[in-house]
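S.K.: Generate a structure from the sequence data that follows.
(2 chains)
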Amino acid sequence: MNHDLFLPGIIAGDARTFGIWMASCEPTVRLSLRSFASVVDTEAVLQESLLRVWQVAPRFIPDGRDNGLLRLAIRIARNLAVSELRKTRARPAEAEQIEDALAEDDAPPAPPDPMLRRHIANCCEKLPQRPREAFDARLHAEGDDDDLATKLGMTLNTFLQNFTRARKMIADCLKRAGVAL
Amino acid sequence: MTREEEDLLVEQVAGAWRPRTEDELAYHKAWHDLDAAARERAFELARALRPLEAALDPDGLSTTARAVLARITRR
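M.R.: Down below sits the predicted model:
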(Lines give C-alpha, C1' and ligand atoms only; values in the text may rest on other atoms or scores of the structure.)
Protein backbone atom coordinates (compact mmCIF):
# COMPACT_ATOMS: atom_id res chain seq x y z
CA MET A 1 0.00 0.00 0.00
CA ASN A 2 1.25 3.47 -0.87
CA HIS A 3 0.60 5.64 2.17
CA ASP A 4 1.19 8.79 0.16
CA LEU A 5 -2.49 8.60 -0.73
CA PHE A 6 -2.98 10.44 2.57
CA LEU A 7 -0.72 13.29 1.40
CA PRO A 8 -3.43 15.68 0.11
CA GLY A 9 -5.21 15.60 3.47
CA ILE A 10 -1.98 16.00 5.42
CA ILE A 11 -0.84 18.89 3.23
CA ALA A 12 -4.24 20.50 3.77
CA GLY A 13 -3.58 20.45 7.51
CA ASP A 14 -5.99 17.66 8.44
CA ALA A 15 -4.59 16.25 11.70
CA ARG A 16 -6.99 13.31 11.60
CA THR A 17 -5.57 12.19 8.23
CA PHE A 18 -2.08 12.57 9.64
CA GLY A 19 -3.19 10.31 12.51
CA ILE A 20 -4.23 7.63 10.02
CA TRP A 21 -0.87 7.94 8.28
CA MET A 22 0.93 7.68 11.64
CA ALA A 23 -1.09 4.61 12.63
CA SER A 24 0.32 2.82 9.58
CA CYS A 25 3.84 4.21 9.46
CA GLU A 26 4.87 4.63 13.12
CA PRO A 27 6.13 1.04 13.57
CA THR A 28 8.43 1.34 10.56
CA VAL A 29 9.90 4.66 11.68
CA ARG A 30 10.37 3.28 15.20
CA LEU A 31 12.16 0.21 13.89
CA SER A 32 14.54 2.42 11.91
CA LEU A 33 15.78 3.78 15.26
CA ARG A 34 16.65 0.39 16.74
CA SER A 35 20.40 0.77 16.29
CA PHE A 36 20.26 3.99 18.35
CA ALA A 37 18.24 2.52 21.23
CA SER A 38 21.15 2.23 23.66
CA VAL A 39 22.40 5.78 23.11
CA VAL A 40 19.37 8.05 22.55
CA ASP A 41 15.82 8.12 23.90
CA THR A 42 14.22 6.74 20.76
CA GLU A 43 10.65 7.47 21.93
CA ALA A 44 11.50 11.17 22.27
CA VAL A 45 13.27 11.14 18.89
CA LEU A 46 10.36 9.34 17.24
CA GLN A 47 7.73 11.77 18.54
CA GLU A 48 9.78 14.80 17.56
CA SER A 49 10.40 13.29 14.10
CA LEU A 50 6.70 12.67 13.49
CA LEU A 51 5.97 16.23 14.57
CA ARG A 52 8.57 17.53 12.11
CA VAL A 53 7.04 15.42 9.31
CA TRP A 54 3.73 17.18 10.00
CA GLN A 55 5.46 20.55 9.91
CA VAL A 56 7.32 19.98 6.63
CA ALA A 57 4.57 17.98 4.86
CA PRO A 58 3.04 21.07 3.16
CA ARG A 59 6.36 21.61 1.37
CA PHE A 60 6.95 17.93 0.57
CA ILE A 61 7.32 17.11 -3.12
CA PRO A 62 6.83 13.40 -3.95
CA ASP A 63 9.61 11.84 -6.04
CA GLY A 64 7.26 9.44 -7.79
CA ARG A 65 8.19 6.40 -5.67
CA ASP A 66 5.75 4.89 -3.17
CA ASN A 67 5.75 5.94 0.49
CA GLY A 68 7.75 9.11 -0.03
CA LEU A 69 6.52 10.67 3.22
CA LEU A 70 7.47 7.54 5.14
CA ARG A 71 10.97 7.62 3.64
CA LEU A 72 11.20 11.26 4.63
CA ALA A 73 10.11 10.38 8.18
CA ILE A 74 12.83 7.72 8.43
CA ARG A 75 15.40 10.21 7.18
CA ILE A 76 14.29 12.88 9.66
CA ALA A 77 14.34 10.37 12.53
CA ARG A 78 17.81 9.10 11.62
CA ASN A 79 19.21 12.62 11.26
CA LEU A 80 17.72 13.65 14.58
CA ALA A 81 19.14 10.55 16.28
CA VAL A 82 22.60 11.25 14.80
CA SER A 83 22.34 14.86 15.95
CA GLU A 84 21.49 13.65 19.46
CA LEU A 85 24.49 11.34 19.40
CA ARG A 86 26.76 14.24 18.56
CA LYS A 87 25.33 16.28 21.43
CA THR A 88 25.85 13.55 23.98
CA ARG A 89 29.23 12.57 22.50
CA ALA A 90 28.14 8.98 22.90
CA ARG A 91 29.62 6.29 20.71
CA PRO A 92 27.73 6.42 17.41
CA ALA A 93 26.10 3.34 16.03
CA GLU A 94 28.15 1.68 13.32
CA ALA A 95 27.27 2.98 9.87
CA GLU A 96 26.62 -0.57 8.74
CA GLN A 97 24.08 -1.07 11.55
CA ILE A 98 22.27 2.10 10.52
CA GLU A 99 22.12 0.98 6.90
CA ASP A 100 20.81 -2.41 7.99
CA ALA A 101 18.07 -0.75 10.01
CA LEU A 102 17.07 1.43 7.09
CA ALA A 103 17.07 -1.52 4.73
CA GLU A 104 14.90 -3.46 7.18
CA ASP A 105 12.47 -0.55 7.17
CA ASP A 106 12.04 -0.57 3.42
CA ALA A 107 9.23 -3.08 3.84
CA PRO A 108 5.85 -1.39 3.31
CA PRO A 109 3.72 -0.91 6.45
CA ALA A 110 1.16 -3.61 7.09
CA PRO A 111 -2.51 -2.68 7.59
CA PRO A 112 -4.05 -3.38 11.04
CA ASP A 113 -5.52 -6.85 11.48
CA PRO A 114 -9.15 -6.80 12.74
CA MET A 115 -8.82 -10.33 14.14
CA LEU A 116 -5.80 -9.27 16.18
CA ARG A 117 -7.73 -6.29 17.51
CA ARG A 118 -10.52 -8.57 18.66
CA HIS A 119 -8.11 -10.97 20.38
CA ILE A 120 -6.37 -8.14 22.20
CA ALA A 121 -9.65 -6.58 23.32
CA ASN A 122 -10.85 -9.96 24.60
CA CYS A 123 -7.65 -10.44 26.58
CA CYS A 124 -7.90 -6.96 28.11
CA GLU A 125 -11.44 -7.64 29.26
CA LYS A 126 -10.16 -10.59 31.29
CA LEU A 127 -7.68 -8.52 33.30
CA PRO A 128 -8.20 -8.15 37.06
CA GLN A 129 -9.36 -4.70 38.16
CA ARG A 130 -6.13 -3.03 39.34
CA PRO A 131 -3.90 -4.16 36.45
CA ARG A 132 -6.64 -3.15 34.04
CA GLU A 133 -6.94 0.27 35.65
CA ALA A 134 -3.20 0.80 35.26
CA PHE A 135 -3.24 -0.40 31.64
CA ASP A 136 -6.27 1.74 30.76
CA ALA A 137 -4.75 4.79 32.42
CA ARG A 138 -1.71 4.65 30.14
CA LEU A 139 -4.00 4.27 27.12
CA HIS A 140 -6.49 7.00 27.82
CA ALA A 141 -5.10 9.51 30.27
CA GLU A 142 -2.53 12.24 29.82
CA GLY A 143 0.34 12.72 32.20
CA ASP A 144 3.37 10.86 33.43
CA ASP A 145 3.22 7.63 35.39
CA ASP A 146 3.45 9.56 38.67
CA ASP A 147 0.29 11.49 37.80
CA LEU A 148 -1.55 8.39 36.63
CA ALA A 149 -0.60 6.51 39.80
CA THR A 150 -1.83 9.37 41.98
CA LYS A 151 -5.15 9.51 40.12
CA LEU A 152 -5.60 5.78 40.75
CA GLY A 153 -4.60 6.05 44.40
CA MET A 154 -1.47 3.95 43.88
CA THR A 155 2.19 4.56 44.55
CA LEU A 156 4.33 4.82 41.43
CA ASN A 157 5.87 1.40 42.06
CA THR A 158 2.47 -0.24 42.56
CA PHE A 159 1.17 1.41 39.39
CA LEU A 160 4.14 0.15 37.38
CA GLN A 161 3.86 -3.32 38.89
CA ASN A 162 0.17 -3.43 37.96
CA PHE A 163 0.95 -2.22 34.45
CA THR A 164 3.65 -4.88 34.07
CA ARG A 165 1.25 -7.53 35.35
CA ALA A 166 -1.42 -6.41 32.85
CA ARG A 167 1.05 -6.45 29.98
CA LYS A 168 2.27 -9.95 30.83
CA MET A 169 -1.26 -11.29 31.32
CA ILE A 170 -2.29 -9.93 27.92
CA ALA A 171 0.79 -11.50 26.32
CA ASP A 172 0.01 -14.87 27.96
CA CYS A 173 -3.63 -14.63 26.92
CA LEU A 174 -2.65 -13.87 23.33
CA LYS A 175 -0.18 -16.73 23.34
CA ARG A 176 -2.88 -19.12 24.49
CA ALA A 177 -5.05 -17.83 21.63
CA GLY A 178 -2.21 -18.61 19.25
CA VAL A 179 -1.36 -14.97 18.59
CA ALA A 180 2.30 -14.00 18.41
CA LEU A 181 3.14 -10.29 18.41
CA MET B 1 20.08 -1.16 41.31
CA THR B 2 18.22 -4.46 41.63
CA ARG B 3 16.72 -6.16 38.60
CA GLU B 4 13.23 -5.32 39.96
CA GLU B 5 14.10 -1.64 40.26
CA GLU B 6 15.51 -1.64 36.76
CA ASP B 7 12.39 -3.35 35.42
CA LEU B 8 10.23 -0.53 36.77
CA LEU B 9 12.44 2.08 35.11
CA VAL B 10 12.31 0.14 31.83
CA GLU B 11 8.51 0.09 32.11
CA GLN B 12 8.46 3.89 32.50
CA VAL B 13 10.83 4.53 29.59
CA ALA B 14 8.78 2.19 27.37
CA GLY B 15 5.76 4.44 27.86
CA ALA B 16 5.03 7.26 25.42
CA TRP B 17 4.90 10.08 27.96
CA ARG B 18 7.73 12.57 27.66
CA PRO B 19 8.10 15.94 29.38
CA ARG B 20 7.07 18.89 27.24
CA THR B 21 9.61 21.46 26.17
CA GLU B 22 9.32 24.19 23.58
CA ASP B 23 12.53 23.88 21.64
CA GLU B 24 14.47 20.76 22.45
CA LEU B 25 14.11 17.02 22.67
CA ALA B 26 12.92 15.95 26.11
CA TYR B 27 14.17 12.61 27.36
CA HIS B 28 12.35 10.62 30.01
CA LYS B 29 14.29 11.20 33.22
CA ALA B 30 14.38 7.46 33.91
CA TRP B 31 16.17 6.86 30.59
CA HIS B 32 19.37 8.35 32.04
CA ASP B 33 19.36 5.79 34.87
CA LEU B 34 19.38 2.82 32.49
CA ASP B 35 22.43 1.09 31.07
CA ALA B 36 22.66 0.23 27.37
CA ALA B 37 21.06 -3.20 27.71
CA ALA B 38 18.14 -1.85 29.72
CA ARG B 39 17.58 0.94 27.18
CA GLU B 40 17.40 -1.66 24.45
CA ARG B 41 14.91 -3.62 26.55
CA ALA B 42 12.80 -0.47 26.87
CA PHE B 43 12.94 -0.01 23.08
CA GLU B 44 11.76 -3.57 22.44
CA LEU B 45 9.06 -3.27 25.09
CA ALA B 46 7.75 -0.08 23.48
CA ARG B 47 7.80 -1.82 20.11
CA ALA B 48 5.69 -4.62 21.54
CA LEU B 49 3.30 -2.33 23.41
CA ARG B 50 2.37 0.13 20.68
CA PRO B 51 0.47 -2.37 18.47
CA LEU B 52 -1.49 -3.46 21.56
CA GLU B 53 -2.39 0.15 22.31
CA ALA B 54 -3.32 0.84 18.70
CA ALA B 55 -5.53 -2.24 18.61
CA LEU B 56 -7.45 -0.97 21.63
CA ASP B 57 -7.85 2.57 20.33
CA PRO B 58 -10.99 3.40 18.30
CA ASP B 59 -8.86 5.31 15.80
CA GLY B 60 -6.09 2.72 15.73
CA LEU B 61 -3.61 5.13 17.30
CA SER B 62 -0.84 4.16 19.69
CA THR B 63 0.00 6.35 22.67
CA THR B 64 2.95 7.66 20.64
CA ALA B 65 0.65 8.83 17.85
CA ARG B 66 -1.76 10.29 20.42
CA ALA B 67 1.09 12.22 22.05
CA VAL B 68 2.16 13.64 18.67
CA LEU B 69 -1.41 14.61 17.78
CA ALA B 70 -1.80 16.30 21.17
CA ARG B 71 1.29 18.42 20.42
CA ILE B 72 -0.04 19.28 16.95
CA THR B 73 -3.46 20.35 18.12
CA ARG B 74 -2.03 22.28 21.07
CA ARG B 75 0.02 24.57 18.80
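
S.K.: C-alpha from now on. contacts and neighbour counts both.
M.R.: Noted.

S.K.: what about stretch A:155-170 and chain B, any contact?
M.R.: Yes: counting by C-alpha under 8 Å from any C-alpha of the partner chain, chain B is contacted by stretch A:155-170 at A:157, A:160-161, A:164.

S.K.: Was I right to think A:Cys173 contacts A:Cys123?
M.R.: Yes: if you go by C-alpha atoms under 8 Å, A:Cys173 and A:Cys123 touch, sitting 5.8 Å apart.

S.K.: B:Glu53 against A:Leu139, yeah?
M.R.: Yes: with contact defined as C-alpha under 8 Å, B:Glu53 reaches A:Leu139; the gap is 6.5 Å.

S.K.: tell me, what's touching these two both at once?
M.R.: Common neighbours of B:Glu53 and A:Leu139, using C-alpha atoms under 8 Å, 6 or more residues apart in numbering or on different chains, are B:Thr63.

S.K.: quick one: which of the residues of stretch A:155-170 next to chain B is nearest A:Asp66?
M.R.: Minimum distance to A:Asp66 across the residues of stretch A:155-170 next to chain B is 38.6 Å, recorded for A:Thr164 (C-alpha to C-alpha).

S.K.: isn't the closest one right next to B:Leu9, touching?
M.R.: No: using C-alpha under 8 Å, A:Thr164 is not in contact with B:Leu9, being 11.3 Å away.

S.K.: Looking at the two, which is more packed in?
M.R.: A count of neighbours by other C-alpha atoms under 10 Å in any protein chain shown puts B:Leu9 above the other of A:Thr164 and B:Leu9, at 23 against 18.

S.K.: and that one, what element?
M.R.: Element membership for B:Leu9, per DSSP states H and E: helix B:3-13.

S.K.: I'd like the next helix or strand past that helix.
M.R.: That would be, after helix B:3-13 and using DSSP H and E, helix B:36-56.

S.K.: tell me what that following helix is packed against?
M.R.: On a contact count with 3 or more C-alpha pairs under 8 Å, 6 or more residues apart in numbering or on different chains; DSSP states H and E, helix B:36-56 meets helix A:15-31, helix A:114-125, helix B:3-13, helix B:63-74.

S.K.: Could you chop chain A up by domain?
M.R.: Using automatic domain parsing, the domain ranges for chain A come out as A:3-104, A:114-176.

S.K.: worst average pLDDT in these?
M.R.: Mean pLDDT per stretch puts domain A:3-104 lowest among those, at a mean of 87.

S.K.: Helices - which of the residues of stretch A:155-170 next to chain B land there?
M.R.: A:157, A:160-161, A:164 (DSSP state H).

S.K.: Find the pair from those residues with maximum spatial separation.
M.R.: For these, and using C-alpha to C-alpha, no pair is farther apart than A:Asn157 and A:Thr164, which are 10.4 Å apart.

S.K.: Stretch B:20-35 - what's its average pLDDT?
M.R.: pLDDT averaged over stretch B:20-35 gives 89.

S.K.: ok, back up a step: as TSV, the residues of stretch A:155-170 next to chain B with distance to A:Trp54 would be great.
M.R.: Shown next, in TSV, are the residues of stretch A:155-170 next to chain B (distance: C-alpha to C-alpha, whole Å):
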residue	distance to A:Trp54
A:Asn157	36
A:Leu160	32
A:Gln161	35
A:Thr164	33
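
S.K.: Now which of the residues you listed would you call buried?
M.R.: Using 16 or more other C-alpha atoms under 10 Å in any protein chain shown as the burial test, the residues of stretch A:155-170 next to chain B include A:160-161, A:164 as buried.

S.K.: Out of the domains of chain A, which is closest to B:Arg39?
M.R.: Here domain A:3-104 is closest among the domains of chain A (C-alpha to C-alpha), at 5.2 Å.
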